[in-house]
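Q: got a predicted model here, sequence first, then my questions.
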Amino acid sequence: MGAIRVDGLRKSYGAVEAVAGMNVTVERGELYGFLGPNGAGKTTTIRILTGQIRPDSGSVRVLETDPVTEPLETRRQVGILPEQGSPPSFLTPREYLEFVGQVRDLEPDRVADRTAVWAERLGFESKLDTLHTDLSRGQQQKVMISQAFLHEPDVVFIDEPLANLDPLVQEQVKRFLVSYAAGDNAVFVSTHNIDVAEEICTRVGIVADGQLVTERSVEDGSDESLLEVFLERVDGEDVRDTPTLERIDR
Ligand SMILES: Nc1ncnc2c1ncn2[C@@H]1O[C@H](COP(=O)(O)OP(=O)(O)OP(=O)(O)O)[C@@H](O)[C@H]1O
């Protein structure tokens, strides 16, 4: 039984078919990279998997839950770092993480403990009592990462985990994601960053036009770079043949 299962998933917004027969299975212990061009259907798939929107057809399972019929139960069991998510401007990181801890049914002592661990891990101890509105985008991203992992969920969905982070913190987060998945959890990462996906993911799925077009795992041992696979499979055209601009007239 996979940690995440997607079978024949479809979702349209009016005339736009965002997800068009998606099939994906992710096991515990995997750090799965969901790669695809803008508008490929990645966020829509994640929103369905986290019980935020309903599909038109197909089936999904996350752990032992059905995100379509029991979205609250799914959301209770998973961690979510949404696309362009940011913490509430009128709360401090400590207040926000306390709130998330309550929603996640954590004991107050446990929340305080986990808050201290994450603030130290990502280096925002000095900002714990500063309103989010006065934090930088990167500092807000650190808080968002902390809330996704606060209750140590077995499955975590993350959109662009390294957005706005400085190189040092990026390295820490990458190492953390690798070790978290290795601890028998499933981490599902949507990203445009092919290099990072290649570096940290145990398996990568490439999405185009609402479908999974190919998958690659670290064990494949292919000489072809992930960028080459991506360019070959997305849109069916080899973007490498596209002429580059020689000169830009000013
Ligand atoms: N709420 C919405 N209403 C109408 N169309 C939508 C809505 N959300 C997404 N779409 C459309 O569905 C398609 C898939 O969008 P989605 O956000 O799932 O793609 P994505 O792969 O996450 O893209 P990106 O990499 O740019 O974030 C796009 O054509 C988008 O314009």
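A: Perfect, thanks for sending it. Numbering: from 1, shown residues only.
Q: which stretches of the chain have low pLDDT?
A: 1, 235-250 (pLDDT under 70).
Q: can you give me the strands in it?
A: 4-13, 16-26, 31-35, 57-62, 78-81, 155-159, 186-191, 203-208, 211-217 (DSSP state E).
Q: tell me the contacts of the residue nearest to the spatial centre of the chain?
A: The centroid of the chain falls nearest to residue 158 when counting by C-alpha atoms, centre = their mean (1.8 Å). By C-beta atoms under 8 Å, 6 or more residues apart in numbering, the contact list for residue 158 reads 79-81, 145, 148, 177, 187-190. For every residue, glycine as well, the C-beta is placed using N, CA and C.
Q: by neighbour count, which of the residues you listed wins?
A: Within the contacts of residue 158, neighbour counts (other C-beta atoms under 10 Å) peak at residue 187, which reaches 29 neighbours.
Q: quick one: that one and residue 31 touch, right?
A: Yes. With contact defined as C-beta atoms under 8 Å, residue 187 counts as touching residue 31 (4.7 Å).
Q: next, show the common contact partners of these two.
A: Counting by C-beta under 8 Å, 6+ apart, the residues touching both residue 187 and residue 31 are 177, 181.
Q: just checking, residue 225 touches residue 198?
A: Yes. The pair residue 225 / residue 198 is scored as a contact, 7.1 Å apart, by C-beta under 8 Å.
Q: which parts of the chain sit against the ligand?
A: 13, 16, 18, 36, 38-44, 83 (C-beta under 6 Å from any ligand atom).
Q: which of those residues sits closest to residue 132?
A: residue 83 (17.8 Å; C-beta to C-beta).
Q: please name the nearest non-neighbouring residue to the closest one.
A: In space, and not counting its chain neighbours, residue 83 is closest to residue 159: 4.0 Å by C-beta to C-beta, 6 or more residues apart in numbering.
Q: residue contacts, the one you found?
A: 42-43, 46, 81-85, 189-191.
Q: cool, and residue 77?
A: Residue 77 neighbours (C-beta under 8 Å, 6+ apart): 62-63, 65, 153-155.
Q: ok, the residues you listed vs the ligand, which is closest?
A: Each of these was checked against the ligand using C-beta to the nearest ligand atom; the closest is residue 62, at 17.6 Å.
Q: surely the closest one and residue 155 touch.
A: Yes. Checked against C-beta under 8 Å, the pair residue 62 and residue 155 is within contact range at 5.9 Å.
Q: more neighbours: those two, which one.
A: Per other C-beta under 10 Å, whichever of residue 62 and residue 155 has more neighbours is residue 62, with 28 against 22.
Q: who does that one bridge with?
A: residue 4, residue 65 (DSSP bridges).
Q: now the closest residue to residue 208 other than its chain neighbours: how far from residue 185?
A: Nearest non-adjacent residue to residue 208, counting by C-beta to C-beta, 6+ apart: residue 234, 4.7 Å away. Distance of residue 234 to residue 185, computed by C-beta to C-beta, to the nearest Å: 29 Å.
Q: with residue 121 instead?
A: For residue 121, the distance to residue 185 - C-beta to C-beta - is 17 Å.
Q: neighbour count winner among these two?
A: Comparing residue 121 with residue 185 by other C-beta under 10 Å, the one with more neighbours is residue 185, at 21 against 17.
Q: quick check: closest non-adjacent residue to the more buried one.
A: According to C-beta to C-beta, 6+ apart, the nearest residue to residue 185 is residue 154 (5.3 Å).
Q: again, but for residue 57
A: That would be residue 10: by C-beta to C-beta, 6+ apart, it lies 4.8 Å from residue 57.
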